Structures are given as C-alpha cells and as structure tokens.
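Chemist: sequence first, then the predicted structure:
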Protein chains: 4
Amino acid sequence: MITVAVIGCGYWGPNLIRNFVQFPGVRMKTAVDLNLERLRHIAQLYPGVHTTTQADDVFQDPEIDAIMIATPVTTHHPLARKGLMAGKHILVEKPMAASTAEAQELVQLATDRDLVLMAGHTFLYTAAVNKIKELISSGELGHIYYISTTRVNLGLFQEDINVVWDLAPHDISILNYVLGSEPETVAAQGQAYIQSDIEDVAFLHLTYPGDIIAHTHVSWLNPDKIRRITVVGSKKMLVYDDVSTTEKIRVYDKGVTVQPHYDTFGEFQLSYRFGDIYTPRLDDNEPLKNECQHFVHCIQRGERARSDGHSGLAVVHVIEKACESIRRNGEQLPLRSTGELTKRGAGQ
Amino acid sequence: MITVAVIGCGYWGPNLIRNFVQFPGVRMKTAVDLNLERLRHIAQLYPGVHTTTQADDVFQDPEIDAIMIATPVTTHHPLARKGLMAGKHILVEKPMAASTAEAQELVQLATDRDLVLMAGHTFLYTAAVNKIKELISSGELGHIYYISTTRVNLGLFQEDINVVWDLAPHDISILNYVLGSEPETVAAQGQAYIQSDIEDVAFLHLTYPGDIIAHTHVSWLNPDKIRRITVVGSKKMLVYDDVSTTEKIRVYDKGVTVQPHYDTFGEFQLSYRFGDIYTPRLDDNEPLKNECQHFVHCIQRGERARSDGHSGLAVVHVIEKACESIRRNGEQLPLRSTGELTKRGAGQ
Amino acid sequence: MITVAVIGCGYWGPNLIRNFVQFPGVRMKTAVDLNLERLRHIAQLYPGVHTTTQADDVFQDPEIDAIMIATPVTTHHPLARKGLMAGKHILVEKPMAASTAEAQELVQLATDRDLVLMAGHTFLYTAAVNKIKELISSGELGHIYYISTTRVNLGLFQEDINVVWDLAPHDISILNYVLGSEPETVAAQGQAYIQSDIEDVAFLHLTYPGDIIAHTHVSWLNPDKIRRITVVGSKKMLVYDDVSTTEKIRVYDKGVTVQPHYDTFGEFQLSYRFGDIYTPRLDDNEPLKNECQHFVHCIQRGERARSDGHSGLAVVHVIEKACESIRRNGEQLPLRSTGELTKRGAGQ
Amino acid sequence: MITVAVIGCGYWGPNLIRNFVQFPGVRMKTAVDLNLERLRHIAQLYPGVHTTTQADDVFQDPEIDAIMIATPVTTHHPLARKGLMAGKHILVEKPMAASTAEAQELVQLATDRDLVLMAGHTFLYTAAVNKIKELISSGELGHIYYISTTRVNLGLFQEDINVVWDLAPHDISILNYVLGSEPETVAAQGQAYIQSDIEDVAFLHLTYPGDIIAHTHVSWLNPDKIRRITVVGSKKMLVYDDVSTTEKIRVYDKGVTVQPHYDTFGEFQLSYRFGDIYTPRLDDNEPLKNECQHFVHCIQRGERARSDGHSGLAVVHVIEKACESIRRNGEQLPLRSTGELTKRGAGQ
C-alpha cells in the first residue's frame, strides 16, 4: 500500500485525486490547498480524503510516501525540494521548475536520495505519442526531416507565466521523447499583446542532431483550438491531431504526382495528389490515469520514470533559453545537454 | 479592342489564354512557347490563336497592346523588359522578378513609359482576401495583433527556385494588401531536404508597422495541403481556409470563459470556449478571371493595378531578404520600403 | 434536504451518483445493484454512499424522497411502479417503459399521488437542443418544413432491445420538444443483421401537424459516429452536430444562386452556393448535471418536469408503433396523442 | 476519325464539347441549342465548331457518327429516338428517359440497329465508385448488409422534374453498379415544399437480392452539400464522401470495444471506438473525360458501354416506381428486372 498526498486542488489537482482515489493499492490520504472553498469541495466529493491548508502536514506525515504537486510554477521548486528533503517521491506538474538551476537541484536531490522524481508530461502517456515514437523508432517514416507543432487556442491566459512556459513544455517533451534526443539550439520570437511583458504568442525554432529541425507555434490568442504535430520523414509523413476524437494519428504514404499542364481551373484544383492514408486505431485511456499508474509503478519497482527528472530538466532548459532568445530578438542560442546539466557541480 | 499575347504555355499560361479568349473586347492573338507540343495543344483548343516559338514576334507585332508572361522566374525580367521597351502593357506572373534590382528596373521602365505593369498576385483578386481587407479596414477586427499563414503541401517541387520564391509571394502579397503596409524587418529559417541548396521548408518572421507581426510557414514537404491565414485582432479573429470550398472565411467573436476548476476529464475537454462564429457568404468567380479583367480595365482606363509594379517589387524585396536571412541563420534584416526602392537612382 | 437513491450502477448510474454527491441540499444515500463488484467500486469512490443489492431497501426507507432508475428497460416499469406506490419521486432512464401500456400506468400513478415522474431524456437539458427550440419558437427559421436526424455509430449493441428502442428515444424526445407537438403517424423500416430478431439498423418516417415531416436514421452498424439533426425552415436552416465540440449548432441563411452555364469542371465545382453561416456560442454544462438539477428543482417546487411522464409516454408510444411498422413492412400507422393516452381508462 | 455533335449547350453540354474538342481522333463538328446567346458563346470559345438551332441538321448530316444529348429530360426520348433512327450512336444525359416505356423503346431501337446507346451516369466513371466496386467484388468488405446514401444540397431546383428524377439516378446507378444487381422493391416518401407538386425532399428504401437494403436521401433543401455513401459489410465498412477533395474513400476495419462501465463524462465520450482506417489513393481524372473516352471507345470497338441502355433503363424504372410509391404514401412496390423489361414486347 502506497500512501499519497496532493498539493494544489485548483485546475489540475482534482484530477490527480480522482485517479488516486480509484487505484487499488493506493491510499489517497491528504489534499492541500490554501483555498478553503476548494478543500470543502474535495471533502464533499471524497469524504475519505483528509484536507488541510498546511503543506507541512504532508511533508511531516511519516505515512505519506509520495506527493503530487499541482500548484503555480514558481512554487514547484520549493515544494518539491521540501518533499524530496523529507524523503517523499515527487510527481510535479509541468514545467518541473521555473529555471534550469531549480530543476538541476531537484534532479540532484532525487538522485542523492534515490527517490522517484517525475515531471507531469502527460502527453508521454498517451497512445498517440507512443504510436509516433514507435513509427519513428521502427524506421517506418524513414529518416526524419522536420517536425512542426502548433498548440494554440483562445484564452486560458496565465498571469504568472508566458505562453512559452505554459504550452511549449508539451511540445518539447513530446519532441525529445519521440526523437530520443535533445535539441542543440533554440531561436524564438514572441510578442505580448494582452498582458504587458507576458508573451501570449511565440514561435520556437529548434535544431536536433541529424539536421532535424522542429518548429513550434504556441499561442493563447488564436480563434480555434489547434493541437497538431506534423512529422515529415523521408519515407512517410504523419499528422497527429490531438483535437480529433477518432483519428488522432494519420500516416501518409508518399505518392506525389505533378500534373504538368492543365487547361481549366478544375484540373488545377485536382493537381495536388497524395498517396494512401492510414489511421491506426489507438486504445486510449485517460492519459493522466496512465501517468499516475506509471508513477505508482516506478515507486513500487524503483524504476526511472519515462518523464523523470532529467526529462523535466531538459524541457525547462529549452524553455528558459527560448525566453532568453525572445528577449534577444530571435538570436539562435546553444543548449546544454542534460548530461552536462546533471554533472556534479553543473548547477553552480 | 485590345490585342494580347501570352508568353509561356506551360503550367499557368493556358489558363490566361482560356480567359482572354472569352473576354469581349479582347483579341487573344498570339501564344508563345519553346515547346512545340504545347503550342500544338493550344492550337487544337483555340484554332483562332496564332502560335509561335519566337517571343520577338510579339514584341515586334504593332497590333499587340499587352503581353502576359507566364514563364520561369529567371526569364521574367528580360521578357518584361523587352515588352516594356516595345511599348507593351505587361502582366507578369509572380514573383515579378528574380531580384530587387530587376524589379526596380521594371517599375522604372513602366513609369517612364506610362505603361501598365502588373504582377500576377492572383489572391488579391479573390473574394476571400478582399473580405479580409474589408474586415480589417472597417475596424471590425479591432487593432491587428498578428497574422500567421501556412501554405504547405506535398510536391510540386520547383527545380529553379526554392519554396520561399515559389510560395511565399502569395502570403507576402496578401499581407501587404490586407494590412495596407509593408514589413519593416524579416527573419527566416529554411532547410533543403530533397534537392541540395533548394530549400523545401521555410519559416518567415515579419514585423509590420504598429507592432504587428506576421509569421509564414511554407513547405513542399507536408502530407496534407494547408492554405490557412489566421488574423488576430483585439476585437475579433478570423481564419481564412482557402482549401475549404464553402467556408473560406470564418470570423470569431471574443467570448472566452475559463472554467477555473473541474473534477473530471470530460469537463476538462469542454473547458475551452469560444464566442459566436460567423461565416460570410463569398461570391467567388475564378480569381484569375477577375485578375485578367482588372488588367484589361487598367489598360483601358489608364489606372494603376491593384497588384501593380510597386506591389510586385515589394514582394520580391521581402523574398530576396528572407533568403538572405536563411543564409545568415535566421538573422533579422531590415527592409526598404517601395518608396525608397523606387526613388530615382534607388536601383543603382 | 432531499435524500435520494440510485438503482442500477452499471453504464449510466455512476454518472447520476457522481452528480448527486456534489449537489448542495441533496443527500445521495443509497446505491443499488445486483452486481457486488459494481457496488464495491461505488463504495470505494464514494465512501459516504450506502450500497445494497436489495431495491426494496430504498422503497421501504422512509428517509428517501426520490429514486433514480438506471437499469435495463424491461425493469423500468416494475421498479418505477414500486417507487411511485411507495410515494417516491422517480427519475427513470429513457425509454421510460417497455410499452405504451406500462408508460400509461406510470403516468397515472404519478398523477394520482402527485409525485414527480421524469424520463431521462438528457438531450432536452443540453444548450444545443434548447437553442434549436428557441430558434424555432422565435420564428427565426420561418415555417418548419422538415427535420432529418442521424444517430449512428459502430457497436454498443444491446442484447435486450433493438436499435429503435435504444437510440430513437433521443430523436423522438428532441423532435417533440423543439416542435412543441407530437407526431401523427409513423412508418419505419429496419433490419437485423448481427443478432437475429434484434434490428440494428432502422429508418423512421414521422409526420407532425402542419405538414412537417421528420426522418430518423438509427444504426449500431455504421463506421463513423454521427449525431446530426438538420432542421429545414422556410427562412433559415440549421444543422446540429453533436459530435462537434466547438460548433454544435450552425445556422444557414438562405442565399442560393444558381450558375446557369459553365464551361469548365472548376466552375462546376463552385456552382453550389450558400448564404452566411452563423455558429452561436453555447455555454454547455454537462447535460446530465442540468437534468439532475432540474429533477431536484421540480421536487422542491412541485413543478412538472420538462421531460415529465407525458413526454416519456409520448416517446414510448412512437417507438412501440415504429417497431410495429417494421414488422408490417413499413406500413404507415396512426399515433395517439398523449392527451388521448392519458385519459382515464385509456390504458385499458 | 469519329465525328460528333452535341445537342444542348446549357448546363452540361459545354463540358461535353470541351472534352470532345480535345480528343485525338474525334472531330467535334456541330453544337445545337435553341438559345442563340449560348450558341454565340460556344462559337467564340471554339471557332472550329459549327453551331445551329436545328437539331435536324445533325440527324441529317451523314458525316456525324455520334450525338450527345444534354437537354431537358422530357426531350431525351424524342431526340435520342430520332438519332437512333438516323443511325447515330447516342450518349444521353441521365435520366435516360422520362418513363420506363420511353427507355424501353430506346434500348430496343439501339439493339435492333446495333448502335451504342449510353446513359450519362458519370459517377460510374469515377475512380472512387470503381474502387468501391472493387472492394465489394473482391470480398474485402465481406457480405454486404446495407448501403445508405445522402445526396443533398441547397438549390439548383429544377422546374420540370422533382428531386427524385434529378438526383436519385446518381445513387441508383451507383448502387446497381457496385452491387452488380438490381433492386427488387422500392418504397419512397417525399414532400413538395417550394414548388407545388414537385417534390424537393425524398427518401427511397430499396431492397436488393441477398437481404441487402439501400436507403437514399435526396434533397434540394439542405443547408450543406452532402454527397455521401456508406457501405456496411460483415468484415469492413466504407464511407465515400464525394465532397472531400483528398479523401473520398475511407475503409474502416472492425474493432469495436465497448467500455462497460464508466464514472465520468469524459470516459463516456471516449467510449465509442474504431479500428484502423485506410484511405486509398485515387487517381482521379475528370470523370466526364473518362465517360466521353469510354463512349468513343465503345463506338470504335463495337462494345457495350458500362452505362449502356440497359443500365439507363434500370435506373429510369426505379425512379418511376419510387415516384409512384410517393403518390401511394410510401407503399412498397415490386420492380421488374431489365431482363423482363427488355424482352420483346415488354414495353407494350
């Protein structure tokens, strides 16, 4: 039996609680939030869960094995740090910390204490992203040329972090995971329209080993919600549309033919052609359920998580540098690998 | 009665011929191509059209008032130059020339000789683009924040020009037209995957007066065909999907609400909200027909064309600088206005 | 404080429990199911809820004011009957009963005892269906000509009832509600492919007062999931696509123009035209939450429910007669109004 | 060299002319229309084509081998009859005639004179419909259960024929072709809303040998244009969406799983599942070009056309009986096979 607590019952925390309440072998013991109304809501839904406004209650509770942190980004590091110091396994929402240095310290602490540190990169626990990884790894797409991602919608503005910190961790974590590597450079442009100094639109340009480029568009200022990743390989191409309920992944065969001459407007419209398209069936659970189960599994088996501290650190580092590039007007900046970043003394 | 000739009967020329054959008050006299098979095809379709492999035949023909040039880009300048020198009105396919200097010379010649010089920026003659211009000009969208454009598909690779020269002229001409201004800087990234040194994927980042940014993604290496322009304003937003046959333009009211807390995965999926959406009816003719009629109209009335030489020059200048930025690894470069570019002696 | 119980914790019941657990002023006291595993699951999720395999426990519990019945269709009548006899308010899943006679008896009992009897026609509690009703009632669509509905998907085969009993209650309840009337005749065709004698595909043809026709296609044997209702009026038309997450309702202005002649394939493709399209914003809660709140509200105020017993009876009657028509090879059959059906002695 | 004429230069005729002008080995000699303006338009486009208002000119012209008839339906029979009597091969637009008796006579005449008689069922010449036929014939879809078709749009109202005569010939010809059989019964419902006595909405219910049912919805009164055929087989299912430009055919594997219980609204939304989906690449020419080439081919080789007179007759017979069923309030009527209909003396 593993006993867990959740800190933060706002936007995301209740989903963590809902999942952990249902897991066999897990006791969802304590929920923490500063807001009493949120705590009352949780208590009504789950009478068996203890609620408190004091995070220290869970750090000091010897029964608690693991803590999930779903609070504002700036509090990730101090809370995760306290938890690790208290010997708790930690699942912290993305981005794992507010700076490379913070993330480095958390990784160091978890390594030193042999604790599970996991970043909440939920997309790594979806059937779709794992299908993409499989299609790339197996060589079915051929050599990867480039990946472009679009993650835009209207609203859900954050007040404490910009759109890069808010949305790009999804894309970076997916890119690193499916490519099995980390970017070497980043260049980014962004603009703050609604709130001063908080970018709501940004474009990231990443280079990965092997001449692979990745381009990411994130925005809180877009009329329709788009969650789209296009992977272009030398053999096949793939579109991952996360908004679609039934056809998230589509794989396109090559098969271009160009109609060299035409005499009418109609033939012109027909002149772009495609090969076969294949939509694999995906057996989707709720990704968060998979993620939470994986966290429990890693604690029980002492294994490293798919989205472990290193992976959380790598994402934080790219985001930090992307924001620096925005301030430098799009200058291309080199990135350090997690190998370098986690060497003893790297953070100092 | 206006008498016209078409040079180039390959990809686009037959559509020009088809339109001009049908216009009242226009005599479609001569078609020129180096390829005899193409000429035979034209002769069979339009027995009344004279065909020749000699472009000089049309330059020297005193009956011919106007010439449409639909040949490879590198020949645009020499052919248009000869035509203007011979006193002919010129409609030249986009991009108008292969360099800023070439385009400057054509503008100068047309101005000096009081001839119509028009660039074939067909999209400026669509109902959709004119609706966008109207919605921006009338203030219905509010202050414009940013515009992002995507023009990607698989294939139709060019061998003489890269994807920026091939596809971006559409976006730049549309942006300049609907915003009523010209970009001040450009930064661009691109990569050549299929043919060495010919970029098949590129991203352009433009800044326009008034803190407006525009981002353009062009590619020949994308599994599905996307022709999409998103305009984000302070009051409303707009998506122009040129691939849609019945709903090219959609205008989105603001109306964001954020659901602050939720307890289930389902509520999470519902938590992005939108305002009303409005799809104006567009009465679309074939855009090329509108363009050709406009060319004839400008000749008859001595008016400047919507896509006149200045507009063609502005586009060529942006493209040229974008390609320079790609070579300089994404460096942001300043742009000269057409005002500067067309000052006497500007080209030297 | 209202105290409630749920009978049936299989497919739908847990959603009822989840909602009632969260309502202020409501005590979700008892959950009933014959399956012990289901009961254990409920007990784990909601430790405060008492579980039992004995439905009589709730009928005999004087604390319980209201009962929600989410069991197989054939048990609706006996359970609802017992509940009404015991003086409980009843919310019963759709279809309310397995025959007109059964439904008549339930209506009679509720009327005699002055109890709330409500059928679980969830769609009547969606923002989309209420928007349709509003657009029809206000005259914005003009005179209604016809409504066609499609409710098809693959799977979720029922073993005890055919596709008409399973899916068509949604359509009939929506049609009756938005039109504010009841059909006068029904003709239906159906076929049983997968299970013998249990139709998995059916087509219903209904006539409503005022020359309005409604056509309904229901199927468990369709490759993609379609939930679509098209309302055609003399002024405007409307499409309700329940599968869409962001654009459930689209209102189409008239504005047809026919292009009388054309010379190319391209013009042919452009020759169907439409007027403006308008997508109203809908503020959607979970419909079941609305339904449950409405049930509580009607108990508290002593009001008739939107989907009261009469409405449940009307739906059951149409379904029963549709199935009879299928057996009679599509013969058009007259329907009785709920007025007639609820006259004293009507059921005998 | 085959010499051809076109009678009718309105809606469809110019497309026939455009195709025949371009075919090698074909001389497009004469175009006939009563409307002088249409003739002038044709003469301007194709100066080599002779124009006349007198259909007798082509019947009496010994040079003319074949005639295409693209006139109003009521004139199909008299014109085709005259043409056959004059020894000309005939391609007549769909529906081939205005009654079974008329169609019978044309088939008889063509048989007696050994002439090609072809009905303009253009869809039989599309890559999509032939792919469907191939998938059914090869057994890939398994045993066919049912086919439903929807062919609806707004406008293009005809004044001389109802929507069944106008649109359903497409569906019937496709159904007969892909199933390789003819329907045994028809029942139909329809309603006339805009023009009195001319149905603008109709539903047809057909039974084919082997317990296959087909259901067809045709309408001129629908807000959006739908051209959709769903084929449900015991192994796979298929959707043919003719409005889609790039994915006309989609083949769905079986792979249903039912999620037996769920606790949240989100899991509910995920509970319909599908197998893999496959979109075969289709190499689409303009279908009319294929049709016209097939006509020429059949004349040259003396072969029977894919959409020969028998196929045109079968379609006309179904349409005629469907309209009779509408008048009889949906009564199911037996159909005669073309075998019976073309027996000597069958028409009398």
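Modeler: Looks like it came in fine. Remember, it's a predicted structure, so these values are computed and weren't measured experimentally.

Chemist: what about the closest residue to A:T342 other than its chain neighbours, how many neighbours?
Modeler: Among residues not flanking A:T342 along the chain, A:V107 sits closest, at 5.6 Å (CB to CB, 6 or more residues apart in numbering or on different chains). Glycine gets a C-beta too; all of them are placed from N, C-alpha and C. Applying other CB atoms under 10 Å in any protein chain shown, we find 25 residues neighbouring A:V107.

Chemist: surely A:V107 and A:S311 touch.
Modeler: No: taking contacts as CB atoms under 8 Å, A:V107 lies outside contact range of A:S311: 9.9 Å.

Chemist: circling back to that earlier point, can you tell me the helix or strand for the residue nearest to A:T342?
Modeler: Per DSSP states H and E, A:V107 falls inside helix A:100-113.

Chemist: same question for A:G210.
Modeler: Using DSSP H and E, A:G210 maps to neither a helix nor a strand.

Chemist: same check on A:A5?
Modeler: strand A:2-7.

Chemist: name the nearest residue to A:C323, ignoring sequence neighbours.
Modeler: The nearest residue in space to A:C323 (CB to CB, 6+ apart) is A:V164, at 5.7 Å.

Chemist: for A:Y240, same thing?
Modeler: That would be A:I229: by CB to CB, 6+ apart, it lies 4.3 Å from A:Y240.

Chemist: neighbours around the one you found, how many?
Modeler: 26.

Chemist: am I right that it falls within a strand?
Modeler: Yes: according to DSSP: H, G, I helix; E, B strand; the rest coil, the state of A:I229 is that of a strand.

Chemist: hmm, A:V21 and A:R27 touching each other?
Modeler: No: at 9.3 Å, A:R27 does not count as touching A:V21 under the criterion of CB under 8 Å.

Chemist: so which other helices or strands are in contact with the longest helix along chain A?
Modeler: If you go by DSSP state H, chain A has its longest helix at helix A:309-327. With contacts defined as 3 or more CB pairs under 8 Å, 6 or more residues apart in numbering or on different chains; DSSP states H and E, helix A:309-327 has these neighbours: helix A:100-113, strand A:117-120, helix A:163-179, strand A:185-191, strand A:201-208, strand A:333-334, helix A:338-341.

Chemist: columns mean pLDDT on top of those, output as JSON lines?
Modeler: Shown next, in JSON lines, are the helices and strands packed on helix A:309-327 (pLDDT from 0 to 100):
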{"stretch": "helix A:100-113", "mean pLDDT": "97"}
{"stretch": "strand A:117-120", "mean pLDDT": "98"}
{"stretch": "helix A:163-179", "mean pLDDT": "97"}
{"stretch": "strand A:185-191", "mean pLDDT": "96"}
{"stretch": "strand A:201-208", "mean pLDDT": "97"}
{"stretch": "strand A:333-334", "mean pLDDT": "96"}
{"stretch": "helix A:338-341", "mean pLDDT": "94"}
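
Chemist: for D:E320, find the nearest of these.
Modeler: When the helices and strands packed on helix A:309-327 are compared by CB to CB, helix A:163-179 sits nearest D:E320, at 59.6 Å.

Chemist: check what pLDDT A:P47 gets.
Modeler: pLDDT, A:P47: 84.

Chemist: tell me how far it lies from A:H121.
Modeler: Separation of A:P47 from A:H121 (CB to CB, to the nearest Å): 32 Å.

Chemist: so those two - more neighbours on which side?
Modeler: Neighbours per residue, other CB under 10 Å: of A:P47 and A:H121, the larger number sits with A:H121, 28 against 12.

Chemist: what comes up buried for stretch A:143-152?
Modeler: A:I144, A:Y145, A:Y146, A:I147, A:S148, A:T149, A:T150, A:R151, A:V152 (16 or more other CB atoms under 10 Å in any protein chain shown).

Chemist: just give me the closest of the residues you listed to B:L221.
Modeler: Using CB to CB, A:Y145 is the member of the buried residues of stretch A:143-152 that lies nearest B:L221, at 6.4 Å.

Chemist: so the closest one sits against B:S219, correct?
Modeler: No: applying CB under 8 Å, one finds A:Y145 not in contact with B:S219, separated by 10.0 Å.

Chemist: between the two, which contacts overlap?
Modeler: A:V232, B:V201 (CB atoms under 8 Å, 6 or more residues apart in numbering or on different chains).

Chemist: OK, contacts around A:A43?
Modeler: Each residue near A:A43 by CB under 8 Å, 6+ apart is listed here: A:V49, A:T51.

Chemist: surely it is in a helix?
Modeler: Yes: counting by three-state DSSP, A:A43 is found in a helix.

Chemist: for chain A, what helix or strand is lowest in average pLDDT?
Modeler: helix A:265-269 (a mean of 41; mean pLDDT, DSSP states H and E).

Chemist: what's the first helix or strand after that one?
Modeler: Next helix or strand after helix A:265-269 toward the C-terminus (DSSP H and E): strand A:277-279.

Chemist: what is the burial count for the residue of the stretch 51-200 of chain A found nearest chain D?
Modeler: Relative to chain D, the nearest point of the stretch 51-200 of chain A is A:A127 (11.0 Å; CB to the nearest CB). Residues within reach of A:A127, counting by other CB under 10 Å, total 17.

Chemist: got a pLDDT number for it?
Modeler: Reading off the model, A:A127 has pLDDT 94.

Chemist: residues in contact with it?
Modeler: A:K248, A:L282, A:D283, A:D284, A:N285.

Chemist: likewise A:E184?
Modeler: A:T207, A:Y208, A:P209, A:P334, A:L335.

Chemist: doesn't A:L238 lie inside a strand?
Modeler: Yes: under three-state DSSP, A:L238 sits within a strand.

Chemist: does it really touch A:L135, like I thought?
Modeler: Yes: contact criterion CB under 8 Å: A:L238 and A:L135 qualify, at 6.3 Å.

Chemist: among those two, which residue is more densely surrounded?
Modeler: Remark: of A:L238 and A:L135, A:L238 carries more neighbours, 24 against 19, as counted by other CB under 10 Å.

Chemist: can you count the residues close to the closest residue to that one other than its chain neighbours?
Modeler: Residue nearest to A:L238 in three dimensions, not counting chain neighbours: A:V231, with 4.4 Å by CB to CB, 6+ apart. Neighbours of A:V231 under the rule other CB under 10 Å: 27.

Chemist: surely A:V231 and A:R250 touch.
Modeler: No: with contact defined as CB under 8 Å, A:V231 and A:R250 do not form a contacting pair (10.8 Å).
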